[in-house]
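Enquirer: Next input, structure requested:
(one chain, ligands or ions: 1)
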Amino acid sequence: MKIGIGNDHAAVELKNIISEHLKERGCEVVNFGTDSTESFDYPIAGYKVGRAVADGDVDLGILICGTGVGISLAANKVEGAVVCSEPFSAKLSRMHNNTNVLAFGARVVGSELAKMIVDEWLDAEFEGGRHERRVNMLKEIDETGHLKIVDEAE
Ligand code: RB5
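Expert: Residues are numbered from 1 along each chain as shown. Next up is the predicted model:
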């Protein structure tokens with residue numbers, strides 16, 4: 001599996017730890033982030049990883065900034081991204097929401113928790129079914145700015 005990774009200056013060390021972890025899992029890792037601790041604008045890395053996933057250049061993306069928030073917002077403009085600071089939400093974000101980009105904060109989670117979040121996310125699979133309908137609704141909002149509400153389903 002090919003994973004695009006991106007980060008800003010707040011997350012260089014954690015990016016390297018997670019990159020190694022991904023390689024140990026057998027993943028190919030493409031680095032779209034900075035390797036410097038000099039101030040770096042997180043939208044650049046978020047956009048690049050989101051774009052690479054949307055274009056099919058990588059299978060999935062992982063983003064890390066101080067909180068995971070800014071970089072995920074940037075990626076979200078082009079591809080479904082989510083910030084998760086714990087493994088349960090990360091796993092469910094894949095099973096129910098079919099997220100293709102995972103983000104977390106280097107100032108929020110430690111490296112062992114970050115590895116656990118990554119593992120739960122990568123090991124989970126989209127369940128489809130009723131979740132497919134909801135994910136399609138998200139796409140509709142994304143593409144049109146509107147949602148045609150036909151039925152208020154469970
Ligand atoms: C950088 O100081 C910080 O704003 C950034 O890493 C991130 O937390 C933004 O959401």
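
Enquirer: now G70: how far from the ligand?
Expert: To the ligand, G70 is 3 Å away according to Cβ to the nearest ligand atom, to the nearest Å. In this view, the C-beta of every residue, glycine as well, is placed from N, C-alpha and C.

Enquirer: Helix or strand for that residue, just tell me which one.
Expert: Using DSSP states H and E, G70 sits within helix 69-76.

Enquirer: same deal with F104?
Expert: With DSSP H and E as the test, F104 turns up in strand 101-105.

Enquirer: Could you pull up the contacting residues of S85?
Expert: S85 makes contacts with G68, F104, G105, V108, V109, L113, I117, as judged by Cβ atoms under 8 Å, 6 or more residues apart in numbering.

Enquirer: From I149, how far off is the third one?
Expert: To I149, G105 is 34 Å away according to Cβ to Cβ, to the nearest Å.

Enquirer: Have a look at the two and say which one is more surrounded.
Expert: More crowded of G105 and I149, by other Cβ atoms under 10 Å: G105, with 23 against 8.

Enquirer: The helix or strand bottoming out on mean pLDDT in the chain to helix 69-76, inter-axis angle?
Expert: Every helix and strand in the chain was compared by mean pLDDT, DSSP states H and E; the lowest is helix 130-144, with a mean of 94. Helix 130-144 runs at 80 degrees relative to helix 69-76, counting by axes from the mean of the first three to the mean of the last three Cα atoms, to 10 degrees.

Enquirer: Only the buried residues of helix 130-144, if you could.
Expert: Residues of helix 130-144 classed as buried: V135 (neighbour count, 16 or more other Cβ atoms under 10 Å).
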